[in-house]
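In: I'd like to go over a predicted model; first the sequence, then the structure.
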Amino acid sequence: MAETMQEACAPDLSLRIGQRVRACRAARAMTMKQLAGESGISLPYLSRVEKGDGNVSVAVLSKLAMALGVEIDSLISEHERFGADYALIVELLKRQSPQQLKEIRGMLLQHAQTPQAGAPRRIALVGLRGAGKSTLGPLLAQHLGIPFTELNREVEREAGLSLDLVFSLYGQAGFRRLERRCLDRIVASNAPVVLATGGGIVVETSTYEVLLHSFQTVWLHAAPQEHFRRVMAQHDARIATPQLRDEAMRNIEGAMHARRQAYALAHTHVDTTNKSVEHLVQEVAEALQGLTQAMAQTQPSSEALSF
Ligand SMILES: Nc1ncnc2c1ncn2[C@@H]1O[C@H](COP(=O)(O)OP(=O)(O)O)[C@@H](O)[C@H]1O
Ligand SMILES: O=C(O)C1=C[C@@H](OP(=O)(O)O)[C@@H](O)[C@H](O)C1
Ligand SMILES: [Mg+2]
């Protein structure tokens, strides 16, 4: 059964699409009749789309985008909410190479990441399940003399439910909203902390951006087989049968593949393969010290961004 966007999405999305189509058409000084003709959509149907009352299929959206000479995502996005500069910056960024984008992000973060006198020490451990975040976190915190927080426990406390129930009652999206709320609260508390995050925090870009911006982040990693071996050794109920085990291994490999680039954005990376937990506490502490020194030496540039 063909599912239309109207059925799949909230009504305000239809309204937004309608407003975007109308605004793009107006900016191009096109009449409704012209747009209908150029896109091959009937005039009455286009009128309904613009009123936010059409069952807009992806095919119709694609025809409209083509006739307006815009990318289909610009008819769905909320970019205009952030103003004209935002839209121009997005276009400017689209023309940069991955390396240039890395440099631009670094420049934008330079001020935020230069340690300010008296700023709280905030460290976040990221990585796939079995990375050792929950194991190393409290030991690292003890070593540094600052408190430890497990973000998933904060989510459970916020929801008043176990993590499994949060997922089954609110779904992945509900969990991510709670995770963000808890992270925001930790940032706002302005206290030093070693934070063990959940393995999936990197998938919600807006949450991960807050984490990268506000914490010194450490990616703890190992080969997928090692992550799997460690999770297996925890005798998790989710991998109690051979089928579940196969699925779990594929899941870990798939997640590592899909998340590798995001994890790699962390400020420092530590390979945990064949290293004892005690050794790793030292190694992570040294990596963080190196990072703090490197950040202190990087003077915020007063030059204009030149890209
Ligand atoms: N460096 C390590 N070498 C071997 N086993 C480890 C190491 N770090 C953690 N483990 C074990 O792996 C399992 C998963 O660790 P955990 O800290 O719960 O990972 P995470 O919180 O990142 O999912 C635990 O049983 C833990 O004892
Ligand atoms: O990798 C993931 O997608 C998840 C990892 C879990 O955290 P841990 O990494 O602490 O196990 C937990 O947040 C949730 O089950 C989702
Ligand atoms: Mg954990």
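Out: Here it is on my side, so go on. Because the structure is a prediction, the values reported are computed rather than measured. Numbering: from 1, shown residues only. Ligands and ions are numbered 1, 2, ... in the order given.

In: can you list the residues that contact the strand or helix carrying Gly37?
Out: Counting by DSSP states H and E, the element that carries Gly37 is helix 32-39. With contacts defined as CB atoms under 8 Å, 6 or more residues apart in numbering, helix 32-39 is touched by 21, 25, 30, 41-43, 45-47, 50, 63-64, 66-68. Using the backbone N, CA and C atoms, a C-beta is placed for each residue, glycine as well.

In: Which residues of the stretch 1-150 of the chain lie near ligand 1?
Out: By CB under 6 Å from any ligand atom, the residues of the stretch 1-150 of the chain that approach ligand 1 are 127, 129-135.

In: tell me, which of these make contact with ligand 2?
Out: Within these, those near ligand 2 by CB under 6 Å from any ligand atom are 129, 133-134.

In: Separate out the buried members of those residues.
Out: With neighbours counted by 16 or more other CB atoms under 10 Å, these contain buried members at 129, 133-134.

In: Give me the subset of the residues you listed that lies in helices.
Out: Per DSSP state H, helices hold the following members of these: 133-134.

In: follow-up on the earlier one: now the residues of the stretch 1-150 of the chain next to ligand 1 as a markdown table including pLDDT and distance to Gln234?
Out: Shown next, in a markdown table, are these (pLDDT from 0 to 100; distance: CB to CB, whole Å):
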| residue | pLDDT | distance to Gln234 |
| --- | --- | --- |
| Gly127 | 97 | 15 |
| Arg129 | 91 | 9 |
| Gly130 | 94 | 8 |
| Ala131 | 97 | 13 |
| Gly132 | 97 | 12 |
| Lys133 | 98 | 13 |
| Ser134 | 97 | 10 |
| Thr135 | 97 | 10 |
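
In: Considering these, which is situated nearest to ligand 2?
Out: Nearest to ligand 2 out of these is Arg129 (CB to the nearest ligand atom; 4.0 Å).

In: What values do phi and psi take at the nearest residue to Ala131 once chain neighbours are set aside?
Out: Counting by CB to CB, 6 or more residues apart in numbering, Leu220 is the residue found nearest to Ala131 once chain neighbours are left out, at 4.0 Å. Here is the backbone geometry of Leu220 (degrees, to the nearest 10): phi -90, psi 130.

In: ok, Leu220 - contacts?
Out: Each residue near Leu220 by CB under 8 Å, 6+ apart is listed here: 125-127, 131-133, 136, 270, 272, 280, 284.

In: got it, and Leu128?
Out: Here Leu128 is in contact with 199, 221, 224, 227, 252, 255-256, 259, 263 (criterion: CB under 8 Å, 6+ apart).

In: Please pick the buried ones from these.
Out: By 16+ other CB under 10 Å, the contacts of Leu128 give 199, 221, 224, 227, 252, 255-256, 259, 263 as buried.

In: In strands, which of the residues you listed fall?
Out: Secondary structure from DSSP state E places His221 of the buried ones among the contacts of Leu128 in strands.

In: Of the buried ones among the contacts of Leu128, which is the nearest to Glu158?
Out: Nearest to Glu158 out of those is Gly199 (CB to CB; 18.6 Å).

In: In this structure that closest one contacts Arg129, no?
Out: Yes - counting by CB atoms under 8 Å, Arg129 is a contact partner of Gly199 at 4.8 Å.

In: what's the nearest residue to the residue in the stretch 201-307 of the chain that ligand 1 sits nearest to if we skip its chain neighbours?
Out: Using CB to the nearest ligand atom, Arg230 is the residue of the stretch 201-307 of the chain that sits closest to ligand 1, at 3.3 Å. The shortest distance from Arg230 to any non-neighbouring residue, by CB to CB, 6+ apart, is to Gly130 (3.8 Å).

In: So the one you found versus Lys275, what's the distance?
Out: Here Gly130 is placed at a distance of 14 Å from Lys275 (CB to CB, to the nearest Å).

In: now do Gln243
Out: Counting by CB to CB - Gln243 and Lys275 are separated by 32 Å.

In: More neighbours: these two, which one.
Out: Lys275 (14 against 9; other CB atoms under 10 Å).

In: Going by secondary structure, that one is in what exactly?
Out: Using DSSP H and E, Lys275 falls outside every helix and strand.

In: before we move on, what about Leu139?
Out: For Leu139, the element it lies in under DSSP H and E is helix 133-144.

In: Buried ones in that helix, by neighbour count?
Out: 133-141, 144.

In: so Val56 makes contact with Ser14?
Out: Yes - using CB under 8 Å, Val56 is in contact with Ser14, at 6.6 Å.

In: From Gln293, how far out is the residue at minimal distance from the centre of the chain?
Out: The chain has Thr205 as the residue nearest its centroid, 1.7 Å off, counting by CA atoms, centre = their mean. Remark: distance between Thr205 and Gln293 (CB to CB) = 29 Å.

In: one step back: neighbours of the residue nearest to Arg230, just the number please.
Out: Neighbourhood size, Gly130 [other CB under 10 Å]: 25.
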